[in-house]
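>>> Here's a sequence, model it:
(chains A and B)
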There are 2 protein chains.
Amino acid sequence: MSACDEVKVAFLGLGIMGSAMSANLRKTGASVRGWNRSPGRTSLETARAAGVEIVDSIEHAVKDARVIFSCVGDEHDSMQLLTGEVAKFGSPNALIVDMGTIGQAFARNIGEALAAHGLRFLDAPVTGGDVGAREGTLTILVGGSSEDFAECKPLFDAMGKKIFHCGAIGSGQAMKLCNQILCAVNMVAVSEAFALADAMDIDKKAIIDSLSAGAGGSWVLTNLGPRIVKGDFAPGFTLDHMLKDLRLVSENQGADTLLPGTQLAIDLFKKARSLGEPNGGQQGTQAMFRAYAQPVKVSSTNFNI
Amino acid sequence: MSACDEVKVAFLGLGIMGSAMSANLRKTGASVRGWNRSPGRTSLETARAAGVEIVDSIEHAVKDARVIFSCVGDEHDSMQLLTGEVAKFGSPNALIVDMGTIGQAFARNIGEALAAHGLRFLDAPVTGGDVGAREGTLTILVGGSSEDFAECKPLFDAMGKKIFHCGAIGSGQAMKLCNQILCAVNMVAVSEAFALADAMDIDKKAIIDSLSAGAGGSWVLTNLGPRIVKGDFAPGFTLDHMLKDLRLVSENQGADTLLPGTQLAIDLFKKARSLGEPNGGQQGTQAMFRAYAQPVKVSSTNFNI
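Residues are numbered from 1 along each chain as shown, chains lettered A, B, ... in the order given. All right, here's what the predicted structure looks like:
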C-alpha cells in the first residue's frame, strides 16, 4: 500500500472497541466502511461521527476493501463471519485482520480457510481496553507474514501505540493468552496479599503505597489494587471476558501443559462471579478479591487442580 | 536522639546483609559496635573497613548502645538473642530493632518480652537484597510506636531509600509477608505464561518485550523473566529464603485465611528445589519455572489446596 489516503478499509463489528478503532482509522485518511450485525447500537455513533460510512450488508462493506478488519463476539463468530460472507465477497488478495481474542487454533484454521479463497490473514488481538481503543493507545499483538504485517502497520499505528509482530498466524493470539495468564494470576497475588493484610489487620492501601515500586510490584497492584481498597468492582475488564479468554487458554494449551495457577484463577473468577449475581459476570476482574472475603470462604473443594 | 553523631549503636549479626547495613550506619557519624556469632566470617570485613568496632561478646556490643540492631538467622534466633543476652545487658530504655523476617507473632512476642525488661522494640524487615544493603537502597518496613520510629528514622535513612512506618509492632512483618506473597505468586504467573509460550512455540523473550509495560507487567516479569529465558537460575533471592518466608505466612495467616495461590507457589518452589539437588535450595526463585518444564510434570497430587 503506497499511502494511507488511497486505502479502502472495511471494519466489521462496531461495538465499543470496534467503533472506536474504526474511528481512529479515519485519521490516516483512509475511507472506511463499517458494518455491525445490530445496526441500532449506540456504539456505532462514534464511528459515524468520525466519518465511517455505515453500511447495511457485509457484501457492501468488504467488496472494494483492500484491508478488512473484524472485531466480533467470540472465536465462533469470527470463524463464521470470515470464512462465510467475507471469504465470499472479499476482493482477490484482500488482507483480513481479526482483532478479537480467538485462540491460536481458530486463528490458524481461519487463516487456512481464507488462503484457500485467495485471501490473506493476520490475527491481531489487542490489550488496553475501551480507553486504549478510544485514545488510540492499544497494544496490538500481530501474527502473520512479515509482508502482510508491514502493509498493515500504518493502519495499526492509527489504532495503537505499541504494535508487535509476534510471528506466524496465531502468534498474536498466543501472546495475548500469555498476557491474560499474567493478568489473571497477578490478580491472585494481589487478592492473597490483601487477604493476608486483612487477617493481620494492616491497611491494604499501605501495601500499594509501600510495595508497588519494589519486587512485589505489578500493573494489577498499582491499577486495580486501589479499586479493591475502595470496594469498587466496576469493570475495566469484565469477569465474563476474562473467563472467556482463560477458556481459550485451556482449549489451546495442549494436553501436556499443566497450568494450575491459571486453573486456580479460573475457579476464583467463577466464585467471584457467583457472588455478584444477577450480573456477576459484569464485575471487573478485581472482584476476584470477593472470593477471599468473609464470610464466604474459598473452599478446597472449589479447585479443580 | 538529638543528632546522629552522638549515637552509640550496636549491630548484632554481621552476615552479608548485616555487615553492609552496619557499614552504612557509620555514614551517619554514629559509633557502631558489631558482633557476630562466628567471628571469622569474611562478611565482617565490610563492616570493619567502614569503621565498625568488632567486639567478641554481646554484652560488650550492647551495654552502652542507645539503639541495638539485629539481623540473624530466623525467628527462633532473633527470639533467643533478643530476649536472652540483649534483654539482660541492654541499657535501660534502649531501642531494639530486628531487621530479619520473623513473622508477626514472633515480633509481637519479642516486643512484649523486651517491654517487660524496660526495653523498646521495632520490627523492621527489609526488601532489596544484598545489593540494596550494600548501596543503602533497601526498602524498610517498620512496625512499632511512632515515637520509636521517629527516633530511629535517621538511622534507617542511612541503610534504606524507602522507609515505611506500617503500624504497631508486627506490622512491618505483616507488610513483608504480603510482599513475599506478591513476589511468589507473580512468579507463578510468569512461569505459566512462559510454559504456555513454550507449548505454543512462541519466543519467551518476546513476551517480556511486548507485555512488560502493559496490564500483565510486573517486577518479576521484567527482572527475573530474562534470567529464565537465559536458563540462569543463580540466586538473587534463594528458594530456601523464599520458602522460609512463605512458611512464616502459613504460620501467621490464621486458621480462617485460605491462600491457595500461595500454597501452590510453595509446592512449586519445593518441586523446583528438588530438581536442583544437591543444592537446589540455593537456586534463585526464578527456578520455579523448572517445575513446569518437560519431562518433569507438576502433578495434581502435589497441591495441598
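>>> so A:G132 sits right up against A:V126, yeah?
Yes: taking contacts as Cβ atoms under 8 Å, A:G132 lies within contact range of A:V126: 7.2 Å. (C-beta placed from N, C-alpha, C; glycine too.)
>>> Mutual contacts of these two, please.
Both A:G132 and A:V126 are in contact with A:L138, A:T139, A:G160, where contact means Cβ atoms under 8 Å, 6 or more residues apart in numbering or on different chains.
>>> Just give me the closest of the residues you listed to B:L81.
Nearest to B:L81 among the shared contacts of A:G132 and A:V126 is A:T139, at 51.3 Å by Cβ to Cβ.
>>> List the beta-bridge partners for the residue nearest to A:S22 when sequence neighbours are not counted.
Here the nearest residue to A:S22 in space, its sequence neighbours aside, is A:F11; by Cβ to Cβ, 6 or more residues apart in numbering or on different chains that works out to 3.8 Å. Taking DSSP bridges, one finds A:G34, A:F69 as the beta-bridge partners of A:F11.
>>> Just the pLDDT for A:F11.
As predicted, A:F11 sits at a pLDDT of 98.
>>> And for it, the neighbour number?
Burial of A:F11 is recorded as 30 neighbouring residues (other Cβ atoms under 10 Å in any protein chain shown).
>>> Kindly report the same for A:G100.
Neighbours of A:G100 using other Cβ under 10 Å come to 24.
>>> is it true that it touches A:C71?
Yes: applying Cβ under 8 Å, one finds A:G100 in contact with A:C71, separated by 5.7 Å.
>>> Overlap in contacts, the two.
With Cβ under 8 Å, 6+ apart applied, the overlap between the contact sets of A:G100 and A:C71 consists of A:G13.
>>> Now do the helices in chain A.
Counting by DSSP state H, chain A has helices at residues A:16-25, A:44-49, A:58-62, A:75-81, A:87-89, A:104-116, A:129-135, A:146-159, A:171-199, A:204-211, A:219-223, A:225-230, A:239-252, A:260-274.
>>> winner for burial among the ones you listed?
Among those, helix A:171-199 has the highest mean neighbour count (mean count of other Cβ atoms under 10 Å in any protein chain shown), at a mean of 27.
>>> if we can go back for a sec, list the residues that contact the residue nearest to A:S22.
Applying Cβ under 8 Å, 6+ apart, the residues near A:F11 are A:18, A:21-22, A:25, A:32-35, A:47, A:52, A:61, A:69-71.
>>> before we move on, what about A:R41?
The neighbourhood of A:R41, defined by Cβ under 8 Å, 6+ apart, consists of A:L14, A:G15.
>>> Look at it and report its pLDDT.
The per-residue pLDDT reported for A:R41 equals 93.
>>> separation between it and A:I54?
Between A:R41 and A:I54 the computed distance is 11 Å (Cβ to Cβ, to the nearest Å).
>>> Ok, A:A293 next?
45 Å.
>>> between these two, who's got more neighbours?
Between A:A293 and A:I54, counted using other Cβ under 10 Å, the more crowded position is A:I54 (19 against 16).
>>> didn't A:T222 look like it was pressed against A:S212?
Yes: here A:T222 reaches A:S212: they are 4.9 Å apart, a contact under Cβ under 8 Å.
>>> got the contact list for A:D98?
A:F69, A:S70, A:C71, A:S78, A:L82, A:A107, A:I110, A:F121, A:L122, A:D123, A:A124.
>>> what do you get if the cut-off is 10 Å, keeping everything else the same?
A:D98 makes contact with A:12-13, A:68-72, A:75, A:78-79, A:81-82, A:86, A:106-107, A:110-111, A:114, A:121-125, A:143, A:172-173 under the criterion Cβ atoms under 10 Å, 6 or more residues apart in numbering or on different chains.
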